[in-house]
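>>> Sequence and predicted structure below; questions after.
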There are 2 protein chains.
Amino acid sequence: MSKKNLEICLSPAIFNKYENKDAIVVVIDVLRASSAICTAFSNGALKIIPVAEIHEAEEFKKKGYLVAAERDGYVLDFADFGNSPFNFTREKVEGKTIVYSTTNGTRIIDMASSSYMTIIGTFINISAITEWLSMQDRNVILFCAGWKDKINLEDTICAGAIAKRLLESSLFTTICDSVYAAIDLWQMASLNPLSYIEKAAQRSRLRDKGLDNCIEYCMTFDLTGSIPFIENGILKDMSG
Amino acid sequence: MSKKNLEICLSPAIFNKYENKDAIVVVIDVLRASSAICTAFSNGALKIIPVAEIHEAEEFKKKGYLVAAERDGYVLDFADFGNSPFNFTREKVEGKTIVYSTTNGTRIIDMASSSYMTIIGTFINISAITEWLSMQDRNVILFCAGWKDKINLEDTICAGAIAKRLLESSLFTTICDSVYAAIDLWQMASLNPLSYIEKAAQRSRLRDKGLDNCIEYCMTFDLTGSIPFIENGILKDMSG
């Protein structure tokens, strides 16, 4: 087996510059979508249906689905809860199908769906995904969600942490400058990731809205072995 | 004077996400356009006309202009020389108008032209531009040229070096994650910038074509006090 190629895409705006058709794409949105999705599956959710538009989410709600929907950090009034991973408790989600309304997330999932396979990765499932990726004979693109097409620190350092593990396995190789940059940033951040992302813009946005209580959770390694993947636009858990 | 805002745009693909109308934009293309342009002015060039298409450059050549034109590292046969800064010697360029054919560079200059002002920055004129920027009452966007819309290491660390100086002056403030990322990468690179960019993809591309003899030059601080700026699509030197 020849070495597999590893790349990092730091913004959705440049994803179309990456050859993704035969690659596995890992969508990384640390604060908070990736962490929420992994938590939901870890707590027994059956599947998650991502929808872009609020009215779609509302239609699903009328049909009796459990709906997670937020805009700019505020829970929509018809929804059952917002995007914090702490909402996706076992009591609420076990055995359920969840409709998850997120504009940016749905756009990114749509973009990534042209790949061979799309999975969801973040700190809380990092060992599960890196071990799984190492076993696949496929090139890998780590796809950072960023913030409104700009690059963000938390997704970049998470991609760096994943990339570092994959390259250390000697199964991967890279000629991608973003991989080197992300690994070096993770190198600096890894001494104290929580303190490192104090300067991140999303850290401040969440603090301003009182939504920052989940940050330590979202930056913790290996809380779950869940590997969410996308099949026909719907999220499922590989171990589920 | 309230603090001025500093941002870094790491890829041309996301430049339209930045509010640049009232800001000064610094175009950074370390290897090699920014370095070549600064060198030309440092050696007495009068002005530089950037053109996108090869046939435009050829037309200018027929009219008697000095033409610098390369594609993928190879000098075009009708041109006087290529894009290495070493070509722009005083003997060749003093008192001359140069036509500079560069697809990516022209595109970036076009994009940046909607800003209040566009200047060219790199390591070799870093003190000149940072001192000048500090004196202007304008927000600043450091605009990395990158490589085919992907992020590259050499422009990112140069933006980090410039950003570090501007923030240390206390005249600037930032809430841009790319500024923090670039400064941290510069922090790592600054111990030995030449060795740091050994891993950069452009470093390898230039080496493969035997064009890497100018890299040390391009990574040297303060070889010139030249501050190239754009006026009606034409590059001039502020001190000229």
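Ah, there it is.
>>> Show me what counts as buried in the longest helix belonging to chain A.
Scanning chain A for the longest helix, with DSSP state H as the assignment, gives helix A:153-168. Neighbour counts over helix A:153-168 (16 or more other Cβ atoms under 10 Å in any protein chain shown) mark A:153-167 as buried. C-betas here are computed from N, CA, C, even on glycine.
>>> Give me the phi and psi for the residue lying closest to A:Asn20 once chain neighbours are set aside.
For A:Asn20, ignoring the flanking residues on the chain, the nearest one in space by Cβ to Cβ, 6 or more residues apart in numbering or on different chains is A:Ser115 at 4.2 Å. A:Ser115 adopts backbone torsions of phi -80, psi 170, taken as degrees, to the nearest 10.
>>> So A:Ser115 sits against A:Lys21, correct?
Yes. Under the criterion of Cβ atoms under 8 Å, A:Ser115 makes contact with A:Lys21 at 6.7 Å.
>>> Contact distance from chain B - what residues of chain A qualify?
Chain A has residues A:10-11, A:13-14, A:17, A:147-153, A:156, A:175-178, A:180-181, A:184-185, A:187-188, A:199-202, A:204 near chain B, with proximity defined as Cβ under 8 Å from any Cβ of the partner chain.
>>> Restricted to helices, list those.
If you go by DSSP H, the residues of chain A next to chain B have A:153, A:156, A:177-178, A:180-181, A:184-185, A:187-188, A:201-202, A:204 in helices.
>>> residue ranges with poor pLDDT in chain A?
Scanning chain A for pLDDT under 70 picks out A:1, A:240.
>>> let's go with 90 and repeat that
Applying pLDDT under 90 to chain A flags residues A:1-2, A:19-20, A:52-53, A:70-75, A:82-83, A:101-107, A:109-110, A:113, A:199-212, A:239-240.
>>> Spell out, range by range, the strands that occur in it.
A:4-9, A:24-28, A:47-51, A:66-71, A:74-75, A:97-101, A:117-120, A:140-144, A:172-173, A:228-231, A:234-237 (DSSP state E).
>>> Need the ones you listed in a markdown table (columns: mean neighbour count and distance to B:Val51).
Converted to a markdown table, these look like this (neighbours: other Cβ atoms under 10 Å in any protein chain shown; distance: least, Cβ to Cβ, whole Å):
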| stretch | mean neighbour count | distance to B:Val51 |
| --- | --- | --- |
| strand A:4-9 | 23 | 31 |
| strand A:24-28 | 27 | 38 |
| strand A:47-51 | 21 | 46 |
| strand A:66-71 | 22 | 46 |
| strand A:74-75 | 14 | 50 |
| strand A:97-101 | 24 | 48 |
| strand A:117-120 | 23 | 42 |
| strand A:140-144 | 28 | 35 |
| strand A:172-173 | 17 | 38 |
| strand A:228-231 | 19 | 45 |
| strand A:234-237 | 19 | 49 |
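>>> how big is the angle separating the longest helix of chain A from helix B:177-189?
Our comparison of helix A:153-168 with helix B:177-189, counting by axes from the mean of the first three to the mean of the last three Cα atoms, to 10 degrees, yields an angle of 40 degrees.
>>> tell me how far helix A:153-168 is from the chain's mean position?
13 Å (Cα atoms, centre = their mean, to the nearest Å).
>>> which strands and helices sit next to it?
The helices and strands touching helix A:153-168, judged by 3 or more Cβ pairs under 8 Å, 6 or more residues apart in numbering or on different chains; DSSP states H and E, are strand A:4-9, strand A:24-28, helix A:126-135, strand A:140-144, helix A:177-189, helix A:193-196, helix A:201-208, helix B:177-189.
>>> among the ones you listed, which is nearest A:Asn87?
Nearest to A:Asn87, of all those, is helix A:201-208, at 14.4 Å by Cβ to Cβ.
>>> got the helices and strands packed on helix A:153-168 as JSON lines, with distance to A:Ala68 columns?
Shown next, in JSON lines, are these (distance: least, Cβ to Cβ, whole Å):
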{"stretch": "strand A:4-9", "distance to A:Ala68": "26"}
{"stretch": "strand A:24-28", "distance to A:Ala68": "17"}
{"stretch": "helix A:126-135", "distance to A:Ala68": "22"}
{"stretch": "strand A:140-144", "distance to A:Ala68": "21"}
{"stretch": "helix A:177-189", "distance to A:Ala68": "29"}
{"stretch": "helix A:193-196", "distance to A:Ala68": "25"}
{"stretch": "helix A:201-208", "distance to A:Ala68": "16"}
{"stretch": "helix B:177-189", "distance to A:Ala68": "26"}
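>>> Now for the nearest residue to A:Arg32 once chain neighbours are set aside: which residues touch it?
Distances taken as Cβ to Cβ, 6+ apart put A:Asn83 closest to A:Arg32, at 5.3 Å, once the chain neighbours are dropped. Applying Cβ atoms under 8 Å, 6 or more residues apart in numbering or on different chains to A:Asn83 gives the contacts A:Arg32, A:Ala33, A:Ala36, A:Ala68, A:Glu70, A:Thr102.
>>> repeat that for 10 Å
Shown in contact with A:Asn83 (Cβ atoms under 10 Å, 6 or more residues apart in numbering or on different chains): A:29, A:31-33, A:35-37, A:68-71, A:73, A:75, A:100-102, A:105, A:211, A:214.
>>> hang on, the earlier thing: can I get the longest helix of chain A in CSV? Just the C-alpha atoms.
Taking C-alpha atoms only, helix A:153-168 is exported to CSV below (Å, rounded to 0.1, in the frame of the first residue of the first chain):
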residue,chain,number,x,y,z
LEU,A,153,-8.2,28.9,15.3
GLU,A,154,-10.1,26.1,16.9
ASP,A,155,-10.8,24.1,13.7
THR,A,156,-7.2,24.7,12.5
ILE,A,157,-5.6,23.4,15.6
CYS,A,158,-7.9,20.4,15.7
ALA,A,159,-7.0,19.6,12.0
GLY,A,160,-3.3,20.0,13.1
ALA,A,161,-3.8,17.5,15.9
ILE,A,162,-5.4,15.0,13.6
ALA,A,163,-2.8,15.6,10.9
LYS,A,164,0.1,15.1,13.3
ARG,A,165,-1.3,11.7,14.4
LEU,A,166,-1.8,10.6,10.8
LEU,A,167,1.6,11.6,9.6
GLU,A,168,3.3,10.0,12.6
